[in-house]
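**Student:** model the following, please.
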Amino acid sequence: MPWKIAERKIGRAGSLKQRLAKQRIWDRKYGTDNWLIGYVIDGEFITQEDAFDSIYYQSYVEHFERYPKDLEELRLLAKALRNPHAEATNSVDLQVPAILKYLKERELTLQGTELVDIGTWKNLRSHKISVRLSPLQIKVTGNDKMTLEKFWQEKKVLAVWED
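**Tutor:** Okay, here's the model as predicted:
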């Protein structure tokens, strides 16, 4: 039996406390282990975990292919990466893992001396490239009119397994 979309526009994941509260509600409403968060791509439900590779990671791949100077600048500047928003709010970090995966798969390393933020927190950033590589700026794969962050938050759905 297929996954059926039960709720659309489910909003941001939020802090750990907020995520757990939502999960308890969905457990009561749909049954424990009977629901998943994901996206509808080409008419088919894919889990958020699978969407990381096909959407989130792929958006960074396309960005670095389109803007190789961003990749070069990042590699020469950074010794390490961090997501200041995720650290400050205890939320999920996707952009740093996506960039690190890109580097690893291409056998590239960070060669710099700086801790570089990927994204911002309360409009603060460590470097100019922090903003350029933010998911608020990266275009989502296949849609140059939408940012990765907007897609990831607004297109998220809750699916329920139907027997």
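**Student:** which strand or helix spans Gln111?
**Tutor:** Using DSSP states H and E, Gln111 sits within no helix or strand.
**Student:** this protein: helices as residue ranges?
**Tutor:** Shown for the chain, the helices assigned by DSSP state H span residues 16-30, 48-51, 58-66, 68-77, 84-89, 95-105, 128-132, 148-154.
**Student:** adding mean pLDDT, mean neighbour count and distance to Asp42, write those out as TSV.
**Tutor:** Any C-beta I mention is one placed from the backbone N, CA and C, and that applies to glycine too. Converted to TSV, those look like this (pLDDT from 0 to 100; neighbours: other C-beta atoms under 10 Å; distance: least, C-beta to C-beta, whole Å):
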stretch	mean pLDDT	mean neighbour count	distance to Asp42
helix 16-30	90	13	25
helix 48-51	92	16	12
helix 58-66	98	18	14
helix 68-77	98	15	29
helix 84-89	88	15	29
helix 95-105	98	17	21
helix 128-132	95	17	29
helix 148-154	93	19	14
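**Student:** residues touching Trp161, list them.
**Tutor:** 1, 3-4, 34-36 (C-beta atoms under 8 Å, 6 or more residues apart in numbering).
**Student:** coming back round to it: what's the closest of the helices of the chain to Glu162?
**Tutor:** The closest of the helices of the chain to Glu162 is helix 16-30. By C-beta to C-beta, the value is 10.4 Å.
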